[in-house]
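[1] Just a sequence and a predicted model for now, questions to come.
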Amino acid sequence: MQMLEAIKRKIESAQDLYSVVKTMKALAAVNIHYHARAVEAITDYHQSIEMGFQALLKEKSEILKKPISRNERRMGVIIFGSQRGMAGKFNVMVANSFMEWEKAKAFDYTQIKIAVIGERAEEQLKEVDYQPAARIDFPESRYNLNSAIQELLILVESWRFREKIDDIYLFYNKLKRGVMFEPFQFHLFPLEQEWLRELASRKWPSRSLPLYTLPWDRLLYSFIHQFFYISLYRAFIESMASENASRLTAMQKAEENIEERLDNLNSQFNRQRQNAITEELLDIIAGFEALAKE
C-alpha cells in the first residue's frame, strides 16, 4: 500500500505540473500572436520616419558624409535576452550570435561596452568571462515597455556623447515564421550610409517636398531620436515574440514528456494495484484453506 500511495502522489504532482505547462503554452501562443501583430503595426511608423529622412536628404545631403574615423574605436553592444527561464535555447542563441560575431569581426575595437536586457542573457555571458557594463531588467509586460526603452535611450545617448562610442549594435532573436526564430544583428549607430543613399535616390511620392518650421539640424536630431526609439521598440517586440516562440516549443516538449511520464506512472500504479489485489486474494485463499483443514 505504501508503494501505491507513493506512486499516486507522483501522479498528482505530474498532473499539477501538466496543468501549469498547458497554461504557459497557451499564454505563449497568445503572446506570439500579439507581438507578431505589433511588429506589423510599427512598419508604417518606420516608413514615416524614412520619409522624414528622405525629405531632409532631398534638401541637404550633409548627413551622407562619412563619420570621421579614429585610430582607436569603441563599440557598444546591446544584447536582448530574457528575464525568466524556461525559454529553451533562446538566451544561448543570442549570446552565441554575439560571441561568434565578435570573434570574427574584421575591425579591432580597443573597447567593447556591453549592455544586456534580462538576467538570463547576463548569466550566459558571464559564464564565458564577458562582463556586461550595464543590465536592464526586461519589462514584466508590454505595458511597461516604454520605460525600458527610455532607459535604453539614455544609455545610448550616454555612450554617444559622454563615452564617445563609435558604433552601437543590437543583438536579438527575430521571429522568422511560425515558431521559428533566428539571431539578428542591427547596426543602430551611426546611421548606415548605404541606407541613407538609397533614401536620397528614392523618388518622392508627391510633386513637392513637405514644409517644416523647425531648423534643419533640430529636425534631423528629432528624426534620429525617433529612429533610435522605433529600432529599440522593434528589437524588444521581436525579442519578446521569439522568447514566447521558444517557450512554446519548450512547453510542447515538456507536455510530451509529462504525458509519457503519466502513462508510465499510471501503468506502474495499475500493476502495483493488481499485485496488491492478487496478494490479498492469495491471503484470503490461504486463510480459507487453513480453516478448511481444521
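    Alright, I've got the coordinates.
[2] Sticking with residue 94, tell me its helix or strand.
    Using DSSP states H and E, residue 94 sits in helix 90-104.
[3] next one: residue 188
    Element membership for residue 188, per DSSP H and E: strand 180-189.
[4] Show me which residues of the helix holding residue 94 are buried.
    Within helix 90-104, the residues scored as buried using 16 or more other Cβ atoms under 10 Å are 90-95, 97-98, 102. Any C-beta I mention is one placed from the backbone N, CA and C, and that applies to glycine too.
[5] And stretch 256-265, by the same measure?
    Buried residues in stretch 256-265 (16+ other Cβ under 10 Å): 258, 261-262, 265.
[6] Surely residue 75 is in a strand?
    Yes - under DSSP: H, G, I helix; E, B strand; the rest coil, residue 75 falls within a strand.
[7] Looking at strand pairing, list the partners for it.
    On the basis of DSSP bridges, residue 75 is bridged to residue 112, residue 167.
[8] okay, now it: neighbour count?
    If you count neighbours by other Cβ atoms under 10 Å, residue 75 ends up with 20.
[9] List the contacts of it.
    109, 111-113, 165-169 (Cβ atoms under 8 Å, 6 or more residues apart in numbering).
[10] hmm, 7 Å instead?
    Residue 75 makes contact with 109, 112, 165-167 under the criterion Cβ atoms under 7 Å, 6 or more residues apart in numbering.
[11] picking up where we left off before, run me through the strand neighbours of the strand holding residue 188, direction for each.
    Here, using DSSP bridges, strand 180-189 pairs with strand 167-177 (antiparallel).
[12] And the average pLDDT for the strand it pairs with is what?
    For strand 167-177, mean pLDDT is 90.
[13] Keeping just the C-alphas, turn it into CSV.
    Output of strand 167-177 as CSV, limited to C-alpha atoms (Å, rounded to 0.1, in the frame of the first residue of the first chain):
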residue,chain,number,x,y,z
ASP,A,167,29.5,52.1,-33.2
ILE,A,168,26.4,50.7,-31.5
TYR,A,169,24.9,47.3,-32.4
LEU,A,170,21.8,45.5,-31.3
PHE,A,171,21.7,41.7,-31.0
TYR,A,172,18.3,40.0,-30.6
ASN,A,173,16.3,37.0,-31.7
LYS,A,174,13.9,37.7,-34.6
LEU,A,175,10.8,35.7,-35.4
LYS,A,176,11.2,34.0,-38.8
ARG,A,177,8.0,32.1,-39.4
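[14] pLDDT below threshold where in this structure?
    By pLDDT under 70, the low-scoring segments of the chain are 1-2, 62, 65-72, 106-109, 141-142, 282-283, 286-294.
[15] What segments of it are strands?
    For the chain, strands defined by DSSP state E occupy the ranges 74-80, 111-117, 134-136, 167-177, 180-189.
[16] Packing partners of the third one?
    I take that to be strand 134-136. Secondary-structure packing of strand 134-136 (3 or more Cβ pairs under 7 Å, 6 or more residues apart in numbering; DSSP states H and E): strand 111-117, helix 145-157.
[17] hang on, the earlier thing: okay, angle between the helix holding residue 94 and strand 111-117 too, please.
    170 degrees (axes from the mean of the first three to the mean of the last three Cα atoms, to 10 degrees).
[18] Kindly calculate the angle that helix 90-104 makes with strand 74-80.
    Relative orientation of helix 90-104 and strand 74-80, computed by the same axes, to 10 degrees: 160 degrees.
[19] now for helix 90-104, which elements pack on it?
    Applying 3+ Cβ pairs under 7 Å, 6+ apart, we find helix 90-104 packed against strand 74-80, helix 119-126, strand 167-177, strand 180-189, helix 216-293.
[20] any idea how far residue 237 is from residue 175?
    Look at residue 237 and residue 175: by Cβ to Cβ, to the nearest Å, they are 9 Å apart.
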